[in-house]
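Novice: No letters, just coordinates:
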């Protein structure tokens with residue numbers, strides 16, 4: 001299996017090049033909230049702020065790491081300071097490496113990104129129930 005097969009809808013998707021301003025910090029009040037609650041929190045900042053896309057977060061995070069050697073969302077999976085930001089794209093499965101698996105929560109399965117450590121940047125689908133290390137780093141529309 002190759003990487004492109006992990007989640008086909010997120011694979012070969014063209015996008016327009018644009019400037020992206022992504023918060024370096026995940027909003028404290030967004031940790032442990034559902035996706036809908038996180039949208040409400042981001043909307044409180046005004047109409048120019050939104051939940052970032054998967055492309056926004058992956059590209060911004062990797063470029064920041066290359067330029068500064070700083071990991072935006074912690075130092076890896078097992079680090080006590082690792083955090084993850086939820087993005088707006090929805091996965092077709094709770095298992096990123098296999099066929100669609102029924103989501104028993106009845107809610108969307110959004111991708112999360114973070115924990116950039118020695119093993120690389122972690123990107124995986126996560127069902128929409130709350131976890132204290134998953135929040136949202138908002139994007140400012142320019």
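Specialist: Done, it's in. As the structure is a prediction and not an experimental result, all values here were calculated from the model.
Novice: where along the protein do the helices fall?
Specialist: 35-43, 54-68 (DSSP state H).
Novice: Do I have it right that residue 126 meets residue 113?
Specialist: No - contact criterion Cβ atoms under 8 Å: residue 126 and residue 113 do not qualify, at 10.2 Å. Where C-beta positions appear, they are placed from N, C-alpha and C, glycine not excepted.
Novice: Now do the lowest-mean-pLDDT helix or strand in the chain: distance to the chain's middle.
Specialist: Lowest by mean pLDDT, DSSP states H and E among the helices and strands of the chain is strand 120-127, with a mean of 79. The chain centroid and the centroid of strand 120-127 are separated by 7 Å under Cα atoms, centre = their mean, to the nearest Å.
Novice: Between the helices of the chain, which one is closest to residue 20.
Specialist: When those are compared by Cβ to Cβ, helix 54-68 sits nearest residue 20, at 4.9 Å.
Novice: can you list contacts of the closest one?
Specialist: Contact partners of helix 54-68, identified using Cβ atoms under 8 Å, 6 or more residues apart in numbering, comprise 10, 13, 15, 20, 22, 24, 52, 70-73, 85, 87-89, 111, 113-114, 116, 121, 123, 137, 139.
Novice: picking up where we left off before, buried ones in the least confident helix or strand of the chain?
Specialist: Within strand 120-127, the residues that count as buried by 16 or more other Cβ atoms under 10 Å are 121, 122, 123, 124, 125, 126.
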